[in-house]
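Undergrad: how would this look folded up:
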Amino acid sequence: ETAVLAACSGGADSMALAAALAFEAPRLGLRAGGITVDHGLQAGSAERAREVAGRLTELGLRPVEAVTVGVGRDGGPEAAARTARYRALDAAAERHGAVAVLLGHTRDDQAETVLLGLARGSGTRSLAGMPAVCGSPLH
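TA: Next comes the predicted model:
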């Protein structure tokens, strides 16, 4: 059975994605799980991650994981957190044999990515925003 994971911060966009995946996956013959990443950057973040994992479990997603990561300093705080998060998501996909990890991004997230990139001086590369598909197939 093909497995897919929903990455979930607990925000409205990623919770909507997780709920949609939980609803649609059984109809498509997919096994659907969820993962939330605790960057450990704010007080109470571990408790928040446990709450998000509980909400994912209530949606019927299996397996569900709350993963804690260490965030470095390379590229500034946002880039370092993103790098740590994507590494954790890749590792979770491998652990659970998932062919994909779905991320919920809104147009505001795309605009923020472009603006942050331009502010950092990455020039026209920033105009692409976030790609629709990132990485390579696991299998």
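
Undergrad: So which residues of this protein form strands?
TA: Along the chain, counting by DSSP state E, strands occupy 2-7, 30-38, 64-68, 98-103.

Undergrad: Can I get the ones you listed in CSV including mean neighbour count?
TA: Where you see a C-beta, it was placed from the backbone N, CA and C, and this is true even at glycine. Below are the strands of the chain laid out as CSV (neighbours: other CB atoms under 10 Å):
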stretch, mean neighbour count
strand 2-7, 22
strand 30-38, 24
strand 64-68, 18
strand 98-103, 19
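
Undergrad: quick one, what contacts C8?
TA: Neighbour list for C8: 14-15, 17-18, 34-36, 52, 55-56, 104 [criterion: CB atoms under 8 Å, 6 or more residues apart in numbering].

Undergrad: again with H39
TA: Going by CB under 8 Å, 6+ apart, H39 touches 45, 69, 71, 81, 84-85.

Undergrad: circling back to that earlier point, which among the contacts of C8 count as buried?
TA: With burial judged by 16 or more other CB atoms under 10 Å, the buried subset of the contacts of C8 is 14-15, 17-18, 34-36, 52, 55-56, 104.

Undergrad: closest to E94 among the residues you listed?
TA: Nearest to E94 out of these is I35 (CB to CB; 11.9 Å).
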